[in-house]
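[1] Give me the fold of what follows.
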Amino acid sequence: MKYFSLKQLADIVNGKVGNNGENVVVNAVIHDTRTMLGSALYLPVKGLKFDGYEFINTAFENGAVAVIVDEEWLKKNADKLKSKPFISVPDAVVAVQKLAVYLRNQVSPVVIGITGSNGKTTTKEFVGKIFSVDGSTIVNPSSWNNYLGLPLTLCRLNNNTKYCVLEIGTNHFGEVSMLAKIALPDIGVITNIGRAHLEAFIDEEGVLKEKCELFNNIKHGGTAVVNIDDKRLAGYVLRGDIRKVTYSVINVMADVHLIESKVNEDIGGCSGKVAYGIDVINFDVPLWGEHNIANLVSAVSCAYAAGIRADVVERALVNLELPKLRQEVVVHKSGAVIVVDCYNANPDSMKKSIAAVKDKYAGKKIVLVLGEMLELGDSAEKEHREIGLFIGALKVQNTLLYGKNAGLIGEELGKLGRSWKLYSEKDELSRDLIKELTPGVVVLVKGSRLLELEKVVESIK
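    Numbering: from 1, shown residues only. Here you go, the predicted structure:
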């Protein structure tokens, strides 16, 4: 972040400086005391597990030079700040969002906004890798894709930042619109529309409405990157003042499209070619599965929209890799292969992951370790049973299930005479999984993030 005095920051966010801190200088906004930097402004946040206000002293001990607090908290707790410099505002998180908007407009990088039901985090990481080869790039880390993480990412902008890549998440109506208004993207891409967070959005039409708020909030004169393989997105009517770039893995009429791809065992991934306007980009990447090739083409399309040269993109693809907990291949001491793909799960990503493993490891004995899919609302029973039918049509050696609704998958498997077992404890699941691990066996571990199924893999190493 650029350097600001507390007086300057207070003017930007309409706050008040306390304890004679007007001339204190900060160059970062940090909400986690474990990652505190020198000259940082500490933002205490009240969460489900922790209250950041209880860690103000720790923040200063770890290097913070000031804190931004809610006015209501200050009225009851002024004595806890003693001589500590602070800014008080009606809502500290909203104030940081205001600061993010200010910095976005002052620095004016090319902002790329990314959302979608599946593949948005992977696409974000790919876009970050590509754009960083062309110039200084900031990418929101981990799951910083919400009301707090996105503005904190924008607060990292400095005068050298050329690109800012922002994943935009949502689990309720209005969230994409709110975040996109803060980010004001120059380029926006929606990877796809699928059956995610149906508890809030009811059906895919609801998902479409929410996700397309990204397109609706692209900066005047900006570019919408449209996946024309998704019929809903292909037919969405864009504002007249923004440009349209299309991409596809099957349609050669798209501006950016897959020409060919093939499995490359030498790199444990695939090779291929992508049409990039009038140019052709070659790639050899450690990725597999049709969904990841689609994510690659999506990321390349963002580069095309930004006007990055084809040779720069091709050079960047050499360093491409999947984010953590996405198709991580672990070779167990037994000789079995474990594919850890449990960052998250919804009906579409579950099917794609299973299909990708079956395709890559054709001829191997497949064992599935699947967790229930969360946030599906009234659609939960239907979607879990459909996964059971999907698996039942495949040749799978065994299916180990975790979580209440995962039992619905098992019920459908049972009707088809397939082997399965439901677990309520990870320890028991781990013990039974070990019995499945022999040379020639491939295990897929997939489930919603809150289930933390990677702990099963860690326990059997």
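[2] Report how many residues lie close to the nearest residue to Glu328 once chain neighbours are set aside.
    Spatial nearest neighbour of Glu328, excluding adjacent residues (Cβ to Cβ, 6 or more residues apart in numbering): Val340 at 4.2 Å. Where you see a C-beta, it was placed from the backbone N, CA and C, and this is true even at glycine. Neighbours of Val340 under the rule other Cβ atoms under 10 Å: 22.
[3] domains of this protein?
    Annotated domains of the chain cover 4-89, 108-317, 328-459 [automatic domain parsing].
[4] deepest of the ones you listed, which one?
    Highest mean neighbour count among the domains of the chain (mean count of other Cβ atoms under 10 Å): domain 108-317, with a mean of 20.
[5] closest to Val101 out of the domains of the chain?
    domain 108-317 (5.7 Å; Cβ to Cβ).
[6] and after the helix or strand encompassing Asp11, which helix or strand comes next?
    According to DSSP states H and E, Asp11 maps onto helix 6-13. Next along the chain after helix 6-13, taking DSSP H and E as the criterion, comes strand 16-18.
[7] In PDB, could you pull the C-alpha coordinates for stretch 69-88?
    The C-alpha trace of stretch 69-88 is given here as PDB (Å, rounded to 0.1, in the frame of the first residue of the first chain):
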ATOM      1  CA  VAL A  69     -12.100   0.800  15.400                       C
ATOM      2  CA  ASP A  70     -15.900   1.100  15.400                       C
ATOM      3  CA  GLU A  71     -17.200   4.100  17.200                       C
ATOM      4  CA  GLU A  72     -19.600   2.000  19.300                       C
ATOM      5  CA  TRP A  73     -16.800  -0.200  20.500                       C
ATOM      6  CA  LEU A  74     -14.700   2.900  21.400                       C
ATOM      7  CA  LYS A  75     -17.400   4.400  23.600                       C
ATOM      8  CA  LYS A  76     -17.300   1.400  25.900                       C
ATOM      9  CA  ASN A  77     -13.600   0.500  25.600                       C
ATOM     10  CA  ALA A  78     -11.600   3.800  25.200                       C
ATOM     11  CA  ASP A  79      -9.400   2.800  28.200                       C
ATOM     12  CA  LYS A  80      -8.200  -0.200  26.300                       C
ATOM     13  CA  LEU A  81      -6.400   1.900  23.700                       C
ATOM     14  CA  LYS A  82      -4.600   4.100  26.300                       C
ATOM     15  CA  SER A  83      -1.900   5.900  24.200                       C
ATOM     16  CA  LYS A  84      -2.400   3.800  21.100                       C
ATOM     17  CA  PRO A  85      -3.000   5.800  17.900                       C
ATOM     18  CA  PHE A  86      -6.400   5.000  16.300                       C
ATOM     19  CA  ILE A  87      -9.000   6.000  13.800                       C
ATOM     20  CA  SER A  88     -12.600   5.700  14.800                       C
END
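[8] which residues sit against it?
    6, 9-10, 13, 15-21, 24, 41, 44, 53, 56, 60, 65-68, 89-92, 95 (Cβ atoms under 8 Å, 6 or more residues apart in numbering).
[9] where in the protein is pLDDT low?
    In the predicted model, the chain carries pLDDT under 70 at residues 265-267.
[10] how far away is the residue positioned nearest the centre of it from Glu61?
    When Cα atoms, centre = their mean is applied to the chain, the residue found nearest the centroid is Thr121 (3.0 Å). As for Thr121, its distance to Glu61 is 34 Å (criterion: Cβ to Cβ, to the nearest Å).
[11] go on, Asn295?
    Asn295 is 42 Å from Glu61, by Cβ to Cβ.
[12] mind listing the helices for the stretch 151-300 of the chain?
    175-183, 198-201, 204-211, 213-216, 231-234, 290-306 (DSSP state H, counting those that start in this stretch).
[13] between the ones you listed, which gets nearest to Val331?
    Closest among the helices of the stretch 151-300 of the chain, using Cβ to Cβ: helix 290-306, at 20.1 Å.
[14] Return the angle between stretch directions for whichever helix or strand comes after that closest one and helix 290-306.
    Next helix or strand after helix 290-306 toward the C-terminus (DSSP H and E): helix 310-317. Inter-element angle recorded for helix 310-317 and helix 290-306: 140 degrees (by axes from the mean of the first three to the mean of the last three Cα atoms, to 10 degrees).
[15] and whichever helix or strand comes after helix 310-317, C-alpha only, in PDB?
    The C-terminal neighbour of helix 310-317 among helices and strands, as given by DSSP H and E, is strand 328-331. Once non-C-alpha atoms are left out, strand 328-331 reads as follows in PDB (Å, rounded to 0.1, in the frame of the first residue of the first chain):
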ATOM      1  CA  GLU A 328      -2.900 -32.800  -5.900                       C
ATOM      2  CA  VAL A 329      -1.500 -36.300  -6.600                       C
ATOM      3  CA  VAL A 330       0.000 -38.100  -3.600                       C
ATOM      4  CA  VAL A 331       1.800 -41.400  -4.100                       C
END
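[16] Would you mind pulling up the elements that strand 328-331 packs against?
    strand 337-340 (3 or more Cβ pairs under 8 Å, 6 or more residues apart in numbering; DSSP states H and E).
[17] what about 10 Å?
    If you count contacts as 3 or more Cβ pairs under 10 Å, 6 or more residues apart in numbering; DSSP states H and E, strand 328-331 packs onto strand 337-340, strand 441-446, helix 454-459.
[18] which stretch among those comes nearest Asp32?
    Evaluated with Cβ to Cβ, the helices and strands packed on strand 328-331 place helix 454-459 nearest to Asp32, the distance being 21.3 Å.
[19] what does the closest one rub up against?
    324-325, 328, 330, 332, 338-343, 369, 371, 400, 402, 423, 426-427, 429-431, 433-434, 443, 445, 447, 452 (Cβ atoms under 10 Å, 6 or more residues apart in numbering).
[20] Would you confirm that the residue nearest to the centre of the chain belongs to a strand?
    No: according to DSSP: H, G, I helix; E, B strand; the rest coil, Thr121 belongs to no strand; its state is helix.
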